[in-house]
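*Asks:* no sequence for this one, just the structure:
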């Protein structure tokens, strides 16, 4: 879990780990670099961290099961970016700026303001042919089509890669599938489109 935690901290913060000095004073020897980096991240303005553990269970393509627990604190919101883990549902309240961008994102424990709350779910589902896919569900509470960008962290990888995302129509659950197991999705740049915007009719990075 320590390796995965370190990778997540680096991926979410978007920085590279500095090499530790060859020798450290005894007082610093027990410092966990991943925990230190996460603490620094969570203290940043615009960042919201989850203080409860996140269990992750996924079936690999070879039929084996991956199980782990992401230990808190875990960055969930960083400015306009939301990190969503396999098996997780997030309720994200948001305000809308004059250009249609979503701002002041904040994760809440329940959907108590449905007119301003995105509902995001990432889960593994079985198809009729027995194969399993990852399904992203996005419920858009607003009156206009919602667009956003995405990066995903595949299972058994420590790096994020860009991925295609699709428009989310208003007032309905929207689904998008990924063929391979996904450990985490980063969704960012949420914006509401004008009715004539062609970006509302196709999927893109």
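*Replies:* Here it is on my side, so go on. Every value quoted in this text rests on a predicted model; they were computed, and no experiment measured them.
*Asks:* Please count neighbours and contacts with C-alpha atoms only from this point.
*Replies:* OK.
*Asks:* Quick check, central residue of the protein?
*Replies:* residue 83 (1.9 Å; CA atoms, centre = their mean).
*Asks:* What helix or strand is that one located in?
*Replies:* Element membership of residue 83 [criterion: DSSP states H and E] is strand 81-85.
*Asks:* average pLDDT across the helix or strand following that strand?
*Replies:* Per DSSP H and E, the first helix or strand lying C-terminal to strand 81-85 is strand 88-96. Averaged across strand 88-96, the pLDDT comes to 97.
*Asks:* after strand 88-96 comes which helix or strand?
*Replies:* strand 102-108.
*Asks:* Show me what counts as buried in the helix or strand immediately after that following strand in the chain.
*Replies:* Downstream of strand 102-108, the next assigned helix or strand under DSSP H and E is strand 117-126. Going by neighbour count (16 or more other CA atoms under 10 Å), the buried part of strand 117-126 is 117, 118, 119, 120, 121, 122, 123, 124.
*Asks:* What is the neighbour count of the residue nearest to the fifth one when sequence neighbours are not counted?
*Replies:* Sequence neighbours aside, residue 89 is the residue nearest to residue 121 in space, at 4.3 Å (criterion: CA to CA, 6 or more residues apart in numbering). Residue 89 is flanked by 17 other residues according to other CA atoms under 10 Å.
*Asks:* Just send the buried residues of strand 117-126 back as JSON lines, with distance to residue 111 and pLDDT too.
*Replies:* Below are the buried residues of strand 117-126 laid out as JSON lines (distance: CA to CA, whole Å; pLDDT from 0 to 100):
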{"residue": "117", "distance to residue 111": "7", "pLDDT": "97"}
{"residue": "118", "distance to residue 111": "9", "pLDDT": "97"}
{"residue": "119", "distance to residue 111": "8", "pLDDT": "97"}
{"residue": "120", "distance to residue 111": "11", "pLDDT": "98"}
{"residue": "121", "distance to residue 111": "13", "pLDDT": "98"}
{"residue": "122", "distance to residue 111": "17", "pLDDT": "98"}
{"residue": "123", "distance to residue 111": "19", "pLDDT": "97"}
{"residue": "124", "distance to residue 111": "23", "pLDDT": "97"}
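*Asks:* Now distance to residue 139 too, for these, in JSON lines please.
*Replies:* Shown next, in JSON lines, are the buried residues of strand 117-126 (distance: CA to CA, whole Å):
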{"residue": "117", "distance to residue 139": "8"}
{"residue": "118", "distance to residue 139": "6"}
{"residue": "119", "distance to residue 139": "5"}
{"residue": "120", "distance to residue 139": "7"}
{"residue": "121", "distance to residue 139": "9"}
{"residue": "122", "distance to residue 139": "12"}
{"residue": "123", "distance to residue 139": "14"}
{"residue": "124", "distance to residue 139": "17"}
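*Asks:* check which helix or strand covers the residue nearest to residue 81 when sequence neighbours are not counted.
*Replies:* Among residues not flanking residue 81 along the chain, residue 188 sits closest, at 4.2 Å (CA to CA, 6+ apart). Using DSSP H and E, residue 188 maps to strand 182-192.
*Asks:* Quick one: list the elements packing against that strand.
*Replies:* If you count contacts as 3 or more CA pairs under 8 Å, 6 or more residues apart in numbering; DSSP states H and E, strand 182-192 packs onto strand 81-85, strand 102-108, strand 146-154.
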